[in-house]
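>>> heads up, no residue letters with this:
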């Protein structure tokens, strides 16, 4: 029996000028002010992203998955210190000798917030629904793709029968929902289930918080669950407040209006270093910055759509574009040095799964002269204005969509414009709102587009979005961020998923990244360092992941929000980064305060925003 102990306690001159301009002015700090109800200890988080849906079968945006991760428990979680699999609803599990039968023994002390016990029947129904209903598989379908059946043996034993070995069985981060609540919803909604917003309050779950209200454009409210099996949260209230500009959020942190700000730029983080009552947390990045090239969008049935430049179907052109870009320059000028130049798809933080091209493998390294020679040989002739024309007579004028709300992307976009001009490619730099970028992606009306994903300790999910099965069934329904389909890649993906031996699996995952690198559709630029800051005069303890050296926002599990302890409730002072056991009851309120009119939220995510 595989038993896990409970985790221990608990640029270019103008780009450089732009980066410098991000430095915040003013050295004085206002006295901290706690937002929210005066009688409640409040943890306030500044966010820049709206919510897509509270439907756990569908939600993909980072803010939403963070919220729902506190409303619903999962079978297993990730240890906050080691990043290894750890118990959640399943207190222990084992695999049969053939690797096809997995038995999960559930805790017997878990109840939903409506008082009903959580049993094996709820787990079976949740997983089977994802297996059988495509609308329910949007967020978590990859976890159950190889399941043959899920059955209950009594109230607290779940047996999963696999069609073939599946290496992600210890990473089943699927929200388990109450069958008695969701089965009638599924029956009533039918084909429209994916559009069900899950806003019948209070939302019943088993997690440390209960979703009790949502005022669109204003607030989301969660109440702490005092009876949660792991213990109640330390703060009475958490407020996520929306800021359309990160600089404004940083100033709010200075003034004590918010407690925590994440995804800081190097300039913003530097401006907060040494400020009284503020702690800046640095961690190795767990996400990547990339751009994808439209190779010719099509559905799973082979129907082409969109208006991508036809020449981009040529791998030679795509490779030349990659060779024209210096990732080290992106790190220094777009990120102010606060990133790691990327090669492979999995960030360096993840050790054995990380791959970076070296030696002969690094054939797409920065080399504009070689890129120009490749294009010359392939028949891409330069016109009088220096812009090349494809062998079919199409001028190489490309549209590039960039998130305007991410300074590092904006800066990188400026660099790409100049570097691609060096090889005779003219770029129209479209710095746009995330919703506009999302629309262009799903309609395939782009040539180059910025993207990024947070990568989990097990990278299966982000690798799976580039299989042929992730292509859209019809325009507008894609799961990934690139219209990529490659037979070799699919075979390797299936092989890594079926491999339980970690070193062997890591080798296959390296091969997958080699294919992505070679085909030059998904092109990773950098792994941004994590820079975040919080009011250490408001927070005495908060769990980072991994520990030491880990992050607060975007964890695998609910450790940070659950563990955060207010200074007033602490037995003694501290620097805020702690693994102490935290106790408390309260309310989480997510307030979305937009500057100006509230923009309607698209349920479709830009990929930069997804977990």
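That came through, no problem. Being a predicted model, the structure only gives us computed values, none of them experimental.

>>> just the strands in the stretch 101-250 of the chain please.
101-106, 147-152, 157-162, 209-215, 219-224, 237-242 (DSSP state E, counting those that start in this stretch).

>>> parallel or antiparallel, which strands does the third one pair with?
It stands for strand 157-162. strand 101-106 (antiparallel), strand 147-152 (antiparallel) (DSSP bridges).

>>> residues in contact with it?
75, 90, 99-106, 120, 123-124, 127, 146-153, 169 (CB atoms under 8 Å, 6 or more residues apart in numbering). Just so you know, the C-beta spots here come from the backbone N, C-alpha and C atoms, and that holds for glycine as well.

>>> give me whichever of the strands paired with strand 157-162 is most buried.
strand 101-106 (a mean of 20; mean count of other CB atoms under 10 Å).

>>> just to revisit the earlier point, for residue 305, which of the strands of the stretch 101-250 of the chain is the nearest?
strand 147-152 (31.7 Å; CB to CB).

>>> and that closest one, average pLDDT?
The pLDDT scores in strand 147-152 average 98.

>>> which residues touch it?
119-121, 123-124, 127-128, 131, 158-163, 166.

>>> of those, closest to residue 537?
Closest approach between those and residue 537, by CB to CB: residue 123, at 42.4 Å.

>>> can you map out the strands along the stretch 401-550 of the chain?
With DSSP E, counting those that start in this stretch as the criterion, the stretch 401-550 of the chain has strands at 426-432, 448-454, 522-528, 530-535, 539-542.

>>> now mean pLDDT, distance to residue 504 and mean neighbour count too, for these, in JSON lines please.
As requested, these are arranged in JSON lines below (pLDDT from 0 to 100; distance: least, CB to CB, whole Å; neighbours: other CB atoms under 10 Å):
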{"stretch": "strand 426-432", "mean pLDDT": "97", "distance to residue 504": "42", "mean neighbour count": "17"}
{"stretch": "strand 448-454", "mean pLDDT": "94", "distance to residue 504": "24", "mean neighbour count": "25"}
{"stretch": "strand 522-528", "mean pLDDT": "97", "distance to residue 504": "24", "mean neighbour count": "26"}
{"stretch": "strand 530-535", "mean pLDDT": "97", "distance to residue 504": "30", "mean neighbour count": "25"}
{"stretch": "strand 539-542", "mean pLDDT": "93", "distance to residue 504": "37", "mean neighbour count": "26"}
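
>>> let's have these in JSON lines, adding distance to residue 319.
As requested, the strands of the stretch 401-550 of the chain are arranged in JSON lines below (distance: least, CB to CB, whole Å):
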{"stretch": "strand 426-432", "distance to residue 319": "17"}
{"stretch": "strand 448-454", "distance to residue 319": "14"}
{"stretch": "strand 522-528", "distance to residue 319": "10"}
{"stretch": "strand 530-535", "distance to residue 319": "31"}
{"stretch": "strand 539-542", "distance to residue 319": "45"}
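
>>> can you check which of the ones you listed gets nearest to residue 335?
Of the strands of the stretch 401-550 of the chain, nearest to residue 335 by CB to CB is strand 522-528, at 5.9 Å.

>>> buried ones in stretch 408-419, by neighbour count?
408, 409, 410, 411, 412, 413, 414, 415, 416, 417, 419 (16 or more other CB atoms under 10 Å).

>>> next: stretch 238-250.
238, 239, 240, 241, 242, 243, 246, 247, 249, 250.

>>> and the furthest pair within those residues?
Going by CB to CB, the pair spanning those furthest: 238 and 247, at 22.7 Å.

>>> residue 122 versus residue 243, what's the distance?
38 Å (CB to CB, to the nearest Å).

>>> hmm, back to that, output the buried residues of stretch 408-419 as a markdown table; include the columns distance to residue 327.
Below are the buried residues of stretch 408-419 laid out as a markdown table (distance: CB to CB, whole Å):
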| residue | distance to residue 327 |
| --- | --- |
| 408 | 13 |
| 409 | 14 |
| 410 | 17 |
| 411 | 13 |
| 412 | 10 |
| 413 | 14 |
| 414 | 15 |
| 415 | 10 |
| 416 | 11 |
| 417 | 16 |
| 419 | 11 |
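
>>> and these, which is closest to residue 276?
residue 408 (27.9 Å).

>>> the closest one contacts residue 289, correct?
Yes - counting by CB atoms under 8 Å, residue 408 touches residue 289, with 6.4 Å between them.

>>> hey, what's in contact with both of those two?
339, 526, 528.

>>> burial count for residue 155?
12 (other CB atoms under 10 Å).

>>> phi, psi of the residue lying closest to it once chain neighbours are set aside?
Leaving aside its chain neighbours, residue 155 sits nearest to residue 119 (4.5 Å; criterion: CB to CB, 6 or more residues apart in numbering). Main-chain torsions, residue 119, degrees, to the nearest 10: phi -130, psi 180.

>>> what does residue 172 give?
The phi/psi pair for residue 172 (degrees, to the nearest 10) is phi -80, psi 80.

>>> what about residue 322, distance to residue 328?
14 Å.

>>> how about residue 372?
20 Å.

>>> make TSV from the strands of the stretch 101-250 of the chain and add distance to residue 537 to it.
Shown next, in TSV, are the strands of the stretch 101-250 of the chain (distance: least, CB to CB, whole Å):
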stretch	distance to residue 537
strand 101-106	41
strand 147-152	48
strand 157-162	45
strand 209-215	25
strand 219-224	23
strand 237-242	17
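
>>> which positions within whichever helix in the chain runs longest qualify as buried?
Taking DSSP state H as the criterion, the chain has its longest helix at helix 502-519. In terms of neighbour count (16+ other CB under 10 Å), helix 502-519 has its buried residues at 505-506, 508-519.
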